[in-house]
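*Asks:* Quick one, what's the 3D model for this:
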Amino acid sequence: MGAEMIVKSELEFKNWFIDNFKRLGYSKIIRDNKGKFPDFFVLKNDKKMGVELETLLSNFILHKHILKKVDEVVCIVKDIPLGVPTIHVKELKYSSSTKRVSATVDEETIKVISEALKKGIYRNKSHFIEEAIKLLKKRGNEK
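*Replies:* All right, here's what the predicted structure looks like:
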């Protein structure tokens, strides 16, 4: 399929897929779901299929997607067995500028985060934590 390419985000992977879907056996993109699950509806062997893109296959579980609602997953890193047909794009390498970490917090902190998420201020828990760290850095720089 060509030279190895480094992908740094899901958006880069999506753009690569739009340019290369035929090389993966799909004949047509019927619909780009614009961020909704599954990412694309495509034609493969005259059959309409739901396809989800994941940089890391384990993100399928992290994003709480439902196996029965997708026909195939296309991934860069196959880090888990998933139980759904998967196309592993070995010519791509994934190198994110962000890394996944876990955090253990008390019940009061969970309530604060949950309230902020309900109000729509933050996209998810990671976004909340990123913004809190930026605020702490800013305050530290002001001293």
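*Asks:* mind listing what's buried in the helix-or-strand element of the chain with minimal mean pLDDT?
*Replies:* When each helix and strand of the chain is scored by mean pLDDT, DSSP states H and E, helix 125-142 comes last, with a mean of 80. For helix 125-142, the neighbour count (16 or more other Cβ atoms under 10 Å) marks F128 as buried. Where you see a C-beta, it was placed from the backbone N, CA and C, and this is true even at glycine.
*Asks:* Need the residues that contact it.
*Replies:* Helix 125-142 is contacted by residues 103, 113, 116-117, 122 when judged by Cβ atoms under 8 Å, 6 or more residues apart in numbering.
*Asks:* which other helices and strands contact the lengthiest strand in the chain?
*Replies:* If you go by DSSP state E, the chain has its longest strand at strand 47-56. If contacts are counted by 3 or more Cβ pairs under 8 Å, 6 or more residues apart in numbering; DSSP states H and E, strand 47-56 sits against helix 10-20, strand 40-44, strand 72-77.
*Asks:* Walk me through which strands it pairs with, and which way each runs.
*Replies:* Paired neighbours of strand 47-56 in the sheet (DSSP bridges): strand 40-44 (antiparallel), strand 72-77 (parallel).
*Asks:* okay, the angle between the longest one and helix 10-20?
*Replies:* Okay, so that is strand 72-77. 120 degrees (axes from the mean of the first three to the mean of the last three Cα atoms, to 10 degrees).
*Asks:* quick one: E142 from L136, how far?
*Replies:* According to Cβ to Cβ, to the nearest Å, E142 stands 11 Å off from L136.
*Asks:* Number of residues surrounding G83?
*Replies:* G83 has 7 neighbours, counted by other Cβ atoms under 10 Å.
*Asks:* correction: P85
*Replies:* P85, neighbours per other Cβ under 10 Å, totals 12.
*Asks:* partner residues bridging the residue nearest to the spatial centre of the chain?
*Replies:* For the chain, E54 is the residue whose C-alpha lies nearest the centre (Cα atoms, centre = their mean; 5.0 Å). Applying DSSP bridges to E54 gives these bridge partners: C75.
*Asks:* which residues touch it?
*Replies:* Neighbours of E54 in contact, by Cβ under 8 Å, 6+ apart: 10, 60, 63, 73-76.
*Asks:* Mind splitting the protein into its structural domains?
*Replies:* 5-94, 107-142 (automatic domain parsing).
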